[in-house]
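> okay, sequence plus prediction incoming.
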Amino acid sequence: MTIPADFDCQTCGACCSYSSSWPRFSTETDAELDRLPARYVADDQAGMRCHDNRCSALDGTVGSGTSCLVYEIRPQVCRDCLPGDGECLEARAAYGFV
Ligand code: SF4
Ligand code: SF4
């Protein structure tokens, strides 16, 4: 897969703020969640803590400047979302990013 040259995750963040159409934020394993600070884990321990569709570990402003506060220990589902793949394109489209 070719990554579009203008897809810069650090000025996007759409896939970390869009969970309605794929099971993100609920597929993390217990081991993955145990590695994270409790403030980023949902009270029921079922996945990432979210505010609406936005992961609590996402810092910054979607479409402007974003970063993952747990990047080094982020769950596999986060690692699997790559710039230019189907989930990326769906999330970006939801925000009007082309
Ligand atoms: S939606 Fe795509 S470009 Fe945006 S942060 Fe996610 S993977 Fe990166
Ligand atoms: S843990 Fe990081 S990469 Fe995963 S959804 Fe949250 S902000 Fe995005």
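Cool, got the structure. Ligands and ions are numbered 1, 2, ... in the order given.
> who in the protein is up against ligand 1?
For the chain, the residues in contact with ligand 1 (C-beta under 6 Å from any ligand atom) are 7, 9, 12-15, 81, 83, 88, 91-92. Yep, even glycine has a C-beta here, placed from its N, CA and C like the rest.
> in helices, which of the residues you listed fall?
88, 91-92 (DSSP state H).
> just the CA coordinates for stretch 9-22, please, in PDB.
Extracted as PDB, the C-alpha positions of stretch 9-22 are listed here (Å, rounded to 0.1, in the frame of the first residue of the first chain):
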ATOM      1  CA  CYS A   9      -1.000  11.900  11.100                       C
ATOM      2  CA  GLN A  10       0.300  14.700  13.300                       C
ATOM      3  CA  THR A  11      -1.900  17.200  11.500                       C
ATOM      4  CA  CYS A  12      -4.900  14.800  11.300                       C
ATOM      5  CA  GLY A  13      -6.000  12.600  14.200                       C
ATOM      6  CA  ALA A  14      -9.200  11.700  12.500                       C
ATOM      7  CA  CYS A  15      -9.000   7.900  13.100                       C
ATOM      8  CA  CYS A  16      -8.400   8.600  16.900                       C
ATOM      9  CA  SER A  17     -11.600  10.600  16.900                       C
ATOM     10  CA  TYR A  18     -13.900   8.500  15.000                       C
ATOM     11  CA  SER A  19     -15.100   5.100  16.200                       C
ATOM     12  CA  SER A  20     -18.600   4.700  15.000                       C
ATOM     13  CA  SER A  21     -18.000   2.500  12.000                       C
ATOM     14  CA  TRP A  22     -15.400   0.000  13.200                       C
END
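> okay, now the unreliable bits of the protein?
By pLDDT under 70, the weakly predicted segments of the chain are 1-5, 20-24.
> all helices of the chain, in order?
Using DSSP H, helices in the chain cover 30-35, 76-80, 86-94.
> tell me the most buried of these?
With neighbours defined as mean count of other C-beta atoms under 10 Å, those peak in mean count at helix 86-94, which reaches a mean of 17.
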